[in-house]
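*Asks:* how does the following fold in three dimensions:
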Amino acid sequence: MFSHLPDSFLQMNTIFISILIEALPFVLIGVFIAGFIQMFISEKFIARVIPKNKFLAVIVGSLIGVFFPSCECGIVPIVRNLLAKGVPLHAGIAFMLTAPIINPVVLFSTYVAFGSTWEVPLLRVAGSLVVALVVGNIIAYFYKGTGLKERFLKYEAASEKVAVPAGNLALAGGPSGDVTTTKFQVLATEGAQAEPEHDHAHHHHSEEHTHEKMSFSQKVWHTVQHAVDEFFSVGKYLVFGALIAAAMQTYIKTSTLVSIGHGPILSILLMMVLAFVLSLCSEADAFIGASFRSVFSTQSIVAFLVFGPMLDIKNLMMMLGAFKAKFVLLIVTSVTIVVFLYALVI
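*Replies:* Residues are numbered from 1 along each chain as shown. Down below sits the predicted model:
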C-alpha cells in the first residue's frame, strides 16, 4: 500500500510517531499536574510560598522543580496554570527552565548515561540554574509586559470588578445605572468574535469561585476535565512540533552537521542546534548526548543537555501557543546566549 512512497517519507513518518510516543506520557503527566494545580492549589498558598522579593522569587522558582518530575513536553501547561494562579512571571519562567532538568528522574538518567559519574550531571544542573537565574532576573527587572496571551490574561483577570455602562445593563443583568460585574460579562459584549474565549474563560472563572466548596471527589473529577481540556489545547502544538522535528531529522543529515562542528565555538553551537532539532525528552536525551563523547567535548555535550530541555521544536510550538511572540523571542534569545556562554567558560 505504501510501497510507492519515498523511503525518506516513510522514515519521517517513523520518526514523527516515535517522537509522539516518547512525548505523550509526559504531556499527560503535565496536564494532570496542571489540573491538580487548578483545583487543589489556592492563590493564598502560592502567595505564602513565593517570596515578594523578585530575586528570591526567581531562586524559589528555579529550585522548586526538584519536586516536579516533569518533562519539557508537559511543562508549558503547568507553568501557564501557575501564572494564572498568581505566580509571578519571572518565577514561573525560572521554574519552566529548570524543572525538566533538575528533577530526580532526569538527574539519575544522566548519571547512568555517563558511566555513573557525577561530572556531567552536576554541570548540567548547575547550567540550568545559571540560565534560570539570569533569564528570570532579566524578566523580573527589565521586562514590563505580562507574557501570557490575551485570552489567558482574561482568565487571570476574571475576579476583578469593573463598571458597566448603562447601555450594557441587559447583558450584565443588573438594575438601572452603573453596575458592578465581572470582566467576563464585559467581554461578552465584544461580539461573536470573542465568544469562544469568553466561554473558555467563564468556565474557569466559575471553577475558581466554587472549587473551594467542592467535595474531594468533585475536585478529582474537575481535575480530569481540566486535564482533558489542557491536553487538547497543547496537543496540536506538540503534533506540529513533532512533525517539523521529524522532517528536519530526515532531510538534514546529522553527519553533515557534525562535519562542520570543529573548534569550541562551532561545536557548542552545533550541539545546541542538534538539541533543538532532535527534540528529545529530558529523561532520554542524556543517552544520546553520551553517544557523542568520542566526537565532541564535554562543553558541547553539556550545552546539548542544558539547551535541549529548555528549547526544542515541540516545546517552542507550545510556548507560542501560550505566550506572546515577543516574549517567546526574549526567552529564546536570552536562553541561547546564556547557555552558549556557560558552556564556553566551564
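
*Asks:* switch to C-alpha atoms for all contacts and neighbour counts from now on
*Replies:* Will do.

*Asks:* can you pull the contacts of F16?
*Replies:* 242-243, 245-246 (Cα atoms under 8 Å, 6 or more residues apart in numbering).

*Asks:* could I get those residues as a markdown table with distance to M39?
*Replies:* Shown next, in a markdown table, are those (distance: Cα to Cα, whole Å):
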| residue | distance to M39 |
| --- | --- |
| A242 | 30 |
| L243 | 33 |
| A245 | 34 |
| A246 | 36 |
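
*Asks:* now intersect those with the helices, please.
*Replies:* Under the assignment DSSP state H, the contacts of F16 contribute 242-243, 245-246 to helices.

*Asks:* looking at those residues, spot the one nearest G74.
*Replies:* Checking the ones in helices among the contacts of F16 against G74 by Cα to Cα gives A242 as the nearest, at 13.7 Å.

*Asks:* what about that closest one, neighbour count?
*Replies:* Per other Cα atoms under 10 Å, the neighbour tally for A242 reads 27.

*Asks:* again with the one 10 residues further on
*Replies:* A count of nearby residues for I252, using other Cα under 10 Å, gives 12.

*Asks:* by neighbours, which of the contacts of F16 wins?
*Replies:* Counting neighbours by other Cα under 10 Å, A242 comes out on top of the contacts of F16 with 27 neighbours.

*Asks:* give the contact list for it.
*Replies:* Residues near A242 by Cα under 8 Å, 6+ apart: 16, 19-20, 279, 313-314.

*Asks:* and the least confident of these?
*Replies:* Within these, I19 has the lowest pLDDT, namely 74.

*Asks:* which residue, neighbours along the chain excluded, lies closest to that residue?
*Replies:* With sequence-adjacent residues excluded and distances taken as Cα to Cα, 6 or more residues apart in numbering, I19 is closest to A242, at 6.2 Å.

*Asks:* how about S70, secondary structure?
*Replies:* Here S70 takes the coil state, with states given by DSSP: H, G, I helix; E, B strand; the rest coil.

*Asks:* wait, it sits on I29?
*Replies:* Yes: when contacts are counted by Cα atoms under 8 Å, S70 is listed as touching I29 (7.3 Å).

*Asks:* more neighbours: those two, which one.
*Replies:* S70 (29 against 20).

*Asks:* show me what contacts the more buried one?
*Replies:* Taking Cα under 8 Å, 6+ apart, we find S70 in contact with 26, 29-30, 99-100, 103.

*Asks:* same thing but 6 Å
*Replies:* P100 (Cα atoms under 6 Å, 6 or more residues apart in numbering).

*Asks:* ok, F40 - how many residues close by?
*Replies:* Neighbours of F40 (other Cα under 10 Å): 15.

*Asks:* which one is it nearest to, not counting chain neighbours?
*Replies:* Nearest residue to F40, sequence neighbours excluded (Cα to Cα, 6+ apart): K219, at 7.5 Å.

*Asks:* helix, strand, or coil at that neighbour?
*Replies:* Secondary structure assignment for K219 (three-state DSSP): helix.

*Asks:* and it, how far is that from A113?
*Replies:* Using Cα to Cα, to the nearest Å, K219 is found at 40 Å from A113.

*Asks:* does L133 belong to a helix or a strand, and which?
*Replies:* helix 119-142 (DSSP states H and E).

*Asks:* quick one: contacts of that helix?
*Replies:* Contacts for helix 119-142 (Cα under 6 Å, 6+ apart): 58, 90, 94, 97-98, 102, 110-111, 302, 306, 338.

*Asks:* wait, which of those residues is closest to F232?
*Replies:* L97 (23.0 Å).

*Asks:* tell me the confidence at the closest one?
*Replies:* 95.

*Asks:* leaving out chain neighbours, which residue sits closest to it?
*Replies:* M310 (5.4 Å).

*Asks:* correct me if wrong: that neighbour contacts A99.
*Replies:* No: the criterion here is Cα atoms under 6 Å, and M310 misses it with A99 at 9.3 Å.

*Asks:* overlap of the contact sets of the two?
*Replies:* Joint contacts of M310 and A99 (Cα under 6 Å, 6+ apart) do not exist.

*Asks:* need the phi and psi values for S282.
*Replies:* S282 adopts backbone torsions of phi -70, psi -20, taken as degrees, to the nearest 10.

*Asks:* and it, how many neighbours?
*Replies:* Residues lying near S282 (other Cα under 10 Å) number 25.

*Asks:* wait, what's in contact with it?
*Replies:* By Cα under 6 Å, 6+ apart, the neighbours of S282 are 71, 309.

*Asks:* from A23, how far off is it?
*Replies:* 10 Å.

*Asks:* equivalent analysis for M214, please.
*Replies:* Distance of M214 to A23, computed by Cα to Cα: 33 Å.

*Asks:* the more surrounded of these two?
*Replies:* Using other Cα under 10 Å, the more surrounded residue of M214 and A23 is A23, with 23 against 13.

*Asks:* can you read off the pLDDT for that one?
*Replies:* In this model, A23 is scored at 71, pLDDT.

*Asks:* tell me which element it falls in.
*Replies:* Assessed by DSSP H and E, A23 sits inside helix 7-40.

*Asks:* name the residues of that helix that are buried.
*Replies:* For helix 7-40, burial by neighbour count (16 or more other Cα atoms under 10 Å) applies to 12-13, 15-16, 19-20, 23-24, 26-39.

*Asks:* now stretch 300-307
*Replies:* So, applying 16+ other Cα under 10 Å, buried residues of stretch 300-307: 300-307.
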